[in-house]
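Participant: need coordinates for the below:
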Amino acid sequence: MSAAARGRRRRHSDGGGHENEERWLLTYADMITLLLALFVVLFAISSVNVSKVKMLQQSLRDAFSGKVMNGGEAILQTSNSVAVRTLDSAPRVVPSTPSIGRPSTPAAQASFAARREQDELQHLKRMLDAYAAAHGFKAQVETVVTQRGLVVRLLTDNVLFDSGLAQLKPRGLPLLGEVGTLLGVDRVHPIIVEGHTDDVPISTSQFASNWELSTVRAAAVVRWLIARSVPPKRFSAAGYADLHPLASNGTAAGRARNRRVEVVLQRIHALPSSDQLSPVLPKGTTP
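Facilitator: Next up is the predicted model:
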């Protein structure tokens, strides 16, 4: 082989000045490797917890629909339009306790409970007053909220009992039924039923004195209310004869006013000293 032929072979073997025509395979291999890595990453992040994603979507929807804010209007963004709805129709987030405005000390909590109870008793009083006025019993029924609680005074003459007797009259049963309904609505306060008479002495085969008469009348009212599904454990009965008059026994009208049965929803929470009611009872009576 000549020297010129050997020189051409060396130049061809070491590529002197000419690029290798197969180097593009390296770039192609690198690109394939990067694409493979990309697809692996995409596959990894596509495997998500569907339930957690739904929870996140619901949380975001609630946050931007106005459910967590009071007042104003909530704007709910839809795919094609913006729907506006008032917060009154949207579910509210219940604040955790204790919250702003809630009493934080025992004394403040007691005062708050007493004032709320006062409002409840006033509401029951208004309901009974409205019934008595609508059904012609206004002259025979008196309601008053005192330090003891809500006192419902039922005059007995020609309404609940005949003179000297302790048998309930049919005429007074609708009124007594309404009282029982309100007692059933309440379901919380202890109830004491008290019988009262005038100072005219009584001595019959059934009742030796006004003490027996007043006590048996109170017990008769208790039995009737229990029969109308008011729980027995809430009741107590007492007879006071003529010891607590509402009016003077010197007149027929005063004696008629004193002959009564009182149904008392007793307070559970004592009123603060600044809220004591005055007067709490008519003149001449005791709490």
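
Participant: C-alpha only now, for contacts and for neighbours.
Facilitator: Fine.

Participant: now the helices for the chain?
Facilitator: Counting by DSSP state H, one finds helices in the chain at the ranges 3-13, 24-46, 50-64, 106-134, 173-186, 210-227, 252-258.

Participant: nearest to Leu155, of those?
Facilitator: helix 252-258 (6.4 Å; CA to CA).

Participant: got the buried residues for that closest one?
Facilitator: Arg255, Ala256, Arg257, Asn258 (16 or more other CA atoms under 10 Å).

Participant: helices and strands around it, which ones?
Facilitator: Applying 3 or more CA pairs under 8 Å, 6 or more residues apart in numbering; DSSP states H and E, we find helix 252-258 packed against strand 149-155.

Participant: which helices and strands does the strand it packs on pack with?
Facilitator: For strand 149-155, the packing partners by 3+ CA pairs under 8 Å, 6+ apart are helix 106-134, strand 141-145, helix 252-258, strand 260-266.

Participant: burial-wise, tell me which of the ones you listed comes out on top.
Facilitator: Among these, strand 260-266 has the highest mean neighbour count (mean count of other CA atoms under 10 Å), at a mean of 24.

Participant: OK, contacts around Ala247?
Facilitator: Ala247 makes contact with Gly254, Arg255, Arg257, Asn258, Gly284 under the criterion CA atoms under 8 Å, 6 or more residues apart in numbering.

Participant: out of the residues you listed, which comes closest to Lys138?
Facilitator: Taking CA to CA as the measure, Lys138 lies nearest Arg257 of the contacts of Ala247, at 13.5 Å.

Participant: out of the helices and strands packed on strand 149-155, nearest to Val221?
Facilitator: Here strand 260-266 is closest among those (CA to CA), at 8.4 Å.

Participant: partners of the closest one in the sheet?
Facilitator: The pairing partners recorded for strand 260-266 under DSSP bridges are strand 149-155 (antiparallel), strand 191-196 (antiparallel).

Participant: average pLDDT for the shortest one, rounded please.
Facilitator: Think strand 191-196. Averaging pLDDT along strand 191-196 yields 96.

Participant: stretch 264-277 too?
Facilitator: Throughout stretch 264-277, pLDDT has a mean value of 76.

Participant: low-confidence ranges in this protein?
Facilitator: 1-20, 46-53, 55-57, 59-103, 273-287 (pLDDT under 70).

Participant: tell me the domain ranges of it?
Facilitator: Split into domains by automatic domain parsing, the chain comes to 23-89, 106-275.

Participant: among those, which is the most enclosed?
Facilitator: domain 106-275 (a mean of 17).

Participant: quick one on the thing from earlier: out of the strands paired with strand 260-266, nearest to Ala110?
Facilitator: strand 149-155 (16.1 Å).

Participant: check what contacts stretch 206-217 and list those residues.
Facilitator: Contacts for stretch 206-217 (CA under 8 Å, 6+ apart): 164-167, 194-197, 201-203, 237-242, 261.

Participant: which ones among those are found in strands?
Facilitator: Judged by DSSP state E, the contacts of stretch 206-217 include Glu194, Gly195, His196, Ala237, Ala238, Gly239, Val261 as members of strands.

Participant: all good on my end, thank you.
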